[in-house]
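Undergrad: build the 3D model from these lines:
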Amino acid sequence: MLQKLYTLSIFLYYSFIRILAPFHARTSQFLKERNSQKQLNEKISAKHSILIHCSSLGEFEMISPILPQLQKLGKPVVISFYSDSGYNNADLSTYPNIKKLYFPFDKPKKVRSFFERINPSLVIFVAYEYWFNSLKYLYQKNIPYLFINVRFRKKTWFFNPIFKSFEKLIKEATYISVRDKDDRSKLLERNYKNVGFQKDLRYVQAGVNAQFKFTGIPLQTNRLCVIYGSTWPEDERIIEPFVKNHSEILHVIAPHDVSTENISRIENIFKDQHTITYSQLVNTEMHNVIIIDSIGQLKYLYKYGNLCYVGGGFSNGLHNIIEPLVFKKNVIIGPNYGNDPEAENLINDKIVYSISNYSELASTFNVLKDKDFKVFPNDYHYDFENEIELLINKIESIIVGK
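TA: Purely as a prediction, here's the structure:
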């Protein structure tokens, strides 16, 4: 019964976005790019491959540090994405042998066609990717699947008895790597037998980013510089008066959505602030507001900020706070961080600061503008290379075991 209801919901969702597409540019682009890739997807045949599924770009960046070692295991590697932003912006230029494609809508026929074509020997789901029909197919075909870099929220939906058959498929995973020791205890209490702990892969990737020699335009300035990363309109309503009341500061805004329409919208908000897009930037000192109009720059640009604001805490969920932290920057976020225990811990350690309105943003800025970054507690220091080796060894043992 649950599977029928779930499959019906997927069908209704797919039908809805097809109806919405002619009236919504982003949805239309989402379907158009999936359809344009359909023939290419059908040509990809990497038998007995390691298939890594990432929802979007953030999940791809989590696992990118392990790709070189993963290729050494002697099996083809294929990466699938659900979102068009992940598919279009994941940089595989240094991995010419790794193929990428779209993950199917989770309908039984599409799932069967997809996995029969790829015929993977192992499937790795990164973070929060739980697809009922896909997991059922893998389980029935005895294809091992893993969940890595997982964090179980306080009210994980499939812990509800209603979804018992769904949780059974999660339990049948060959391995689950959680990034919180409390989560491991929680799963063991629920009779999971295949759970391990590993430090958050976002720290691994952020550490790599911090060592990368950035070749873009540096945001060097004699002024104080505030970087606003992955912002949404809800963030920008808080940011707007702060920017307009502090023209002495260099403000760098990197919106989550870098579509032409959204960049134009933000440009219009700050049209009286000597605003320019990053792609048009020549001289930093001539502008008060710089809008980052491409994906992939932000994780390197954080190092130029005296203070960083990370968006999503007023809307769809907090974005990656680790990227600015590895550059030892004080970080401000919105109030909705309840699903991110990492943020909660860092707030308690007075490394991250939460605000709820413009007044709190202004007062927090005044406190932090001359304050040095507090040293990370010991729990946040560990050997990146060792973390990668541990995960690769686990994957290799599963492949050999099969």
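Undergrad: quick one: contacts for residue 256?
TA: Residues near residue 256 by Cβ atoms under 8 Å, 6 or more residues apart in numbering: 230, 231, 232, 311, 312, 319. From N, CA and C alone the C-beta is placed, and that goes for glycine too.
Undergrad: go again using 10 Å as the cut-off
TA: Residues in contact with residue 256, defined by Cβ atoms under 10 Å, 6 or more residues apart in numbering, are 85, 229-233, 235, 262, 295, 298, 311-312, 315-316, 319.
Undergrad: helices - which of these land there?
TA: Among the contacts of residue 256, the ones falling in helices (DSSP state H) are 85, 233, 235, 262, 298.
Undergrad: not counting its neighbours along the chain, what's nearest the third one?
TA: What that stands for is residue 235. Distance criterion Cβ to Cβ, 6 or more residues apart in numbering; nearest residue to residue 235, sequence neighbours excluded, is residue 311 at 4.1 Å.
Undergrad: ok, the second one next?
TA: Across the structure, with Cβ to Cβ, 6+ apart as the measure, the residue nearest residue 233 apart from its sequence neighbours is residue 315 (7.6 Å).
Undergrad: the one you found reaches residue 234, doesn't it?
TA: Yes. Using Cβ atoms under 10 Å, residue 315 is in contact with residue 234, at 4.3 Å.
Undergrad: dump the ones in helices among the contacts of residue 256 to a markdown table, plus neighbour count, pLDDT and distance to residue 171.
TA: Shown next, in a markdown table, are the ones in helices among the contacts of residue 256 (neighbours: other Cβ atoms under 10 Å; pLDDT from 0 to 100; distance: Cβ to Cβ, whole Å):
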| residue | neighbour count | pLDDT | distance to residue 171 |
| --- | --- | --- | --- |
| 85 | 21 | 79 | 31 |
| 233 | 16 | 96 | 40 |
| 235 | 26 | 97 | 38 |
| 262 | 17 | 95 | 41 |
| 298 | 26 | 92 | 37 |
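Undergrad: I'd like those residues as JSON lines, with distance to residue 205 appended.
TA: JSON lines is the format used below for those (distance: Cβ to Cβ, whole Å):
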{"residue": "85", "distance to residue 205": "17"}
{"residue": "233", "distance to residue 205": "27"}
{"residue": "235", "distance to residue 205": "23"}
{"residue": "262", "distance to residue 205": "25"}
{"residue": "298", "distance to residue 205": "13"}
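Undergrad: now, which of those sits nearest residue 347?
TA: residue 235 (17.5 Å; Cβ to Cβ).
Undergrad: tell me the spacing between that closest one and residue 273.
TA: 17 Å (Cβ to Cβ, to the nearest Å).
Undergrad: same thing with residue 321?
TA: Shown here: residue 321 relative to residue 273, a distance of 26 Å by Cβ to Cβ.
Undergrad: the two - which one has more neighbours?
TA: Neighbour comparison, residue 321 and residue 273: the larger count goes to residue 321, with 25 against 16 (by other Cβ atoms under 10 Å).
Undergrad: got the contact list for that one?
TA: 202, 206, 229-230, 308, 310, 312-313, 331-333, 337, 340, 342-343, 346, 351-352.
Undergrad: now do the buried residues in stretch 235-246.
TA: Buried residues in stretch 235-246, counted by 16 or more other Cβ atoms under 10 Å: 235, 236, 238, 239, 242, 243.
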